[in-house]
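Q: Fold the following.
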Amino acid sequence: QIEAAIQAYERVLELDPDREKTRLFLSSLHATSGDYDKAVEILQEMIKRKPESFIGYYYLGRLYAKQEQFAKAEESLKKALELSANSEVVLLDLARIYEMQEREEEAIEIYEKILEDDPGNLLVRDRLGQVYISQKKLDEALTHLKALGQMAGSDAIQVHLKIGLVYFEQERFDLAIQEFLIVLAAEPDAHRVGYFLGSAYAENGEYEAALAAFSRIPPEAEPYIDARLYWAFLLEEEKRLEEAVTVIEEALEQQPDDDRLWGFLAALYEHQEDYEEAIRCAHRALEASKTPAKHYFTLGVLYDKQGDLTRSVESMRLVISLEPENAEALNYLGYTYADKGIHLEEAEGLIRKALLIRPEDGYIVDSLGWVYYKQGRYEKALQELQRAEGLIPDDPVILEHLGDAYKKVGTYEKALKTYKRAMEKAKD
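A: Purely as a prediction, here's the structure:
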């Protein structure tokens, strides 16, 4: 049908080459069929025939924008503005092109110009709010979104949602809660907003209200898994581990192949020191996952805690084979070897590679210092452990390692003070 229409419009132009509307329709048909070069050629011919064609330059600019040829799009739209300086549609398209190129200040300048002439323009208020949000200028965003909310009428609910999300970003959680409640009063089935509400309650320290909000999200809703995970996390934070397990198990009845649920359940059993059950859950997560490395890492940690060094090492090596740049796995395996005083040369290589990836990670620096310590290179160990303590001042394990190094180099007073700090931090 498109081809037939193209042929029909071409016959019309053969009879009357100056018909602008026909050229616009023909260009649009070629663009719809994916032949942008031909669509552009038709508009260029239109401008050649009529150099003052505002509509020709405008649609040519839009065509270039669709092809992400932003410089040409900007040039064409500015030509259109020379012919009609206050054309709102051209100004809006030009502002959107600036946004797509991350030239936010130029977009803002255009939007503010439109608002000078048309302060009630809802579209521009919305765009300005979004641009300011992208710039993290949240107070400015709120100014426009609030004005938009007062003018939006039946569309005000979506504005309340945007305002709520800005308040959330600003950590003004009580105000975010109010906005989300307004949205839910009008749209009770807006379950993603229900998730935002639960999150805002949680961040505001209102845990029971958060749990209630998450519990209202049904299994068929898109954010159901996220809500269950957050719900269980809050229960875990309050040491209500059995309740947390129940929340996840209920979710698994609905979605038994979700690796995130199995992974979280493994973590809950780990916290209860039920390593056998944690390992079973981690294996189920592994079976369900398209990204197995993280679950092999979990298994490596669990086997380590269970005292099965062989399987722990096998799991960590699998992580590294899948993700050679996984600094956590490199460090974990290297530190494991160092702590047990085995394969020290390989341990140093693993940890050095991890440090290349995360050079300012205090835990990895500590691992390198501990390798040196185990190798009997106490001065180098002290140097690295002091650096680790500078990066993470309050970790009791790092402080204990540092105390050991001070002791080995004969700085007993510093060793004693560092051991005492380690004991205090361990109590905390």
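
Q: what's the burial count for residue 403?
A: 22 (other Cβ atoms under 10 Å). Bear in mind the C-beta positions are built from the backbone N, C-alpha and C, glycine included.

Q: any idea which helix or strand carries residue 370?
A: helix 362-374 (DSSP states H and E).

Q: burial measure for residue 373, as a count.
A: By other Cβ under 10 Å, 22 other residues sit near residue 373.

Q: Likewise for residue 171?
A: Residue 171 has 10 neighbours, counted by other Cβ under 10 Å.

Q: For residue 160, see how far away it is.
A: Residue 171 sits 19 Å away from residue 160, going by Cβ to Cβ, to the nearest Å.

Q: likewise residue 413?
A: Residue 413 is 63 Å from residue 160, by Cβ to Cβ.

Q: now residue 394
A: To residue 160, residue 394 is 42 Å away according to Cβ to Cβ.

Q: between the two, who's got more neighbours?
A: residue 160 (22 against 12).

Q: Can you tell me the closest non-neighbouring residue to residue 289?
A: Nearest residue to residue 289, sequence neighbours excluded (Cβ to Cβ, 6 or more residues apart in numbering): residue 259, at 3.8 Å.

Q: elements contacting the helix ranked longest in the chain?
A: The residue-count maximum for a helix in the chain (DSSP state H) belongs to helix 412-427. Packed against helix 412-427, as judged by 3 or more Cβ pairs under 8 Å, 6 or more residues apart in numbering; DSSP states H and E, are the following elements: helix 396-408.

Q: Now the helix it packs on: buried residues?
A: 398, 399, 400, 401, 402, 403, 404, 405, 406, 407 (16 or more other Cβ atoms under 10 Å).

Q: That helix vs helix 362-374, what angle?
A: 30 degrees (axes from the mean of the first three to the mean of the last three Cα atoms, to 10 degrees).

Q: Please put the alpha-carbon coordinates of the strand or helix carrying residue 182 into CSV.
A: Under the criterion of DSSP H and E, residue 182 resides in helix 173-186. Only the C-alpha atoms of helix 173-186 are listed here, as CSV (Å, rounded to 0.1, in the frame of the first residue of the first chain):
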residue,chain,number,x,y,z
PHE,A,173,10.8,11.2,52.5
ASP,A,174,7.8,12.5,54.5
LEU,A,175,6.9,14.8,51.6
ALA,A,176,7.5,12.0,49.1
ILE,A,177,5.1,9.8,51.1
GLN,A,178,2.3,12.4,50.9
GLU,A,179,2.7,12.6,47.1
PHE,A,180,2.7,8.8,46.6
LEU,A,181,-0.4,8.5,48.8
ILE,A,182,-2.2,11.0,46.6
VAL,A,183,-1.4,9.0,43.5
LEU,A,184,-2.5,5.7,45.2
ALA,A,185,-5.8,7.2,46.4
ALA,A,186,-6.6,7.9,42.7
